[in-house]
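Enquirer: Let me see the structure of the following:
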Amino acid sequence: MPIHPIVGAHYRPPAKAILSILPIGQELELIPEPYNEHDENAIAVWVDGNSITTNLELQEVEDRLHAYGFRVDQNVSESWHLGYIPREVAKDIHLDGPLRAKFCVGASGGPRVEFEL
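Expert: Model (predicted):
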């Protein structure tokens, strides 16, 4: 299964905070963005907010999101855009629609996404 970094999280608060508390194996969704103004091959990485609170301690989620001005009770049901598959990888992946993926980490602890085409 391909494993690739999740990039661009620092542009999407509170993505970095959410990525820092996701458990290994958390279900993610890859969504192609053919109309992305910066990259027509862009593939966004999303997580369902409801699944975060079922897999993690609610207080930890609340503490992390609060730093970015979000409250769990207001935003928990939202999906969160975490970042993208790297541009050089996305250009070779052709998705017709959303694809399920899993969260993992690299050897240095950086956030990664694992998926099967």
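
Enquirer: Quick check: bridge partners of Pro5?
Expert: Here Pro5 sits in beta bridges with Arg112, going by DSSP bridges.

Enquirer: can you pull the contacts of it?
Expert: The contact partners of Pro5, by CB atoms under 8 Å, 6 or more residues apart in numbering, come to Pro86, Gly106, Gly110, Pro111, Arg112, Val113. No exception for glycine: its C-beta is placed from N, CA and C like everyone else's.

Enquirer: what sits against the first one?
Expert: When the contact criterion is CB under 8 Å, 6+ apart, the partners of Pro86 are His4, Pro5, Val7.

Enquirer: Return the closest of the residues you listed with respect to Lys16.
Expert: Val7 (11.7 Å; CB to CB).

Enquirer: Can you get me a residue count around that closest one?
Expert: The tally of other residues near Val7 (other CB atoms under 10 Å) stands at 18.

Enquirer: what do you get for Leu30?
Expert: For Leu30, the tally of surrounding residues (other CB under 10 Å) stands at 21.

Enquirer: Could you look up the SS state of it?
Expert: Put simply, Leu30 is strand when judged by DSSP: H, G, I helix; E, B strand; the rest coil.

Enquirer: Could you tell me which ranges of the chain sit under the pLDDT cut-off?
Expert: Regions of the chain meeting the criterion pLDDT under 70 cover residues 53-59, 61, 70-77.

Enquirer: which residue ranges form the strands in this protein?
Expert: In the chain, strands defined by DSSP state E lie at 3-5, 27-32, 43-48, 79-84, 99-105, 111-114, listed in chain order.

Enquirer: Can you give me the separation between the nearest residue to Val89 once chain neighbours are set aside and Asn41?
Expert: Among residues not flanking Val89 along the chain, His4 sits closest, at 5.2 Å (CB to CB, 6 or more residues apart in numbering). Spatial separation of His4 from Asn41 under the definition CB to CB, to the nearest Å is 13 Å.

Enquirer: And those two? Which one has more around it.
Expert: Set side by side, His4 and Asn41 show unequal neighbour counts under other CB under 10 Å, the larger going to His4 at 22 against 18.

Enquirer: Appreciated, that's everything.
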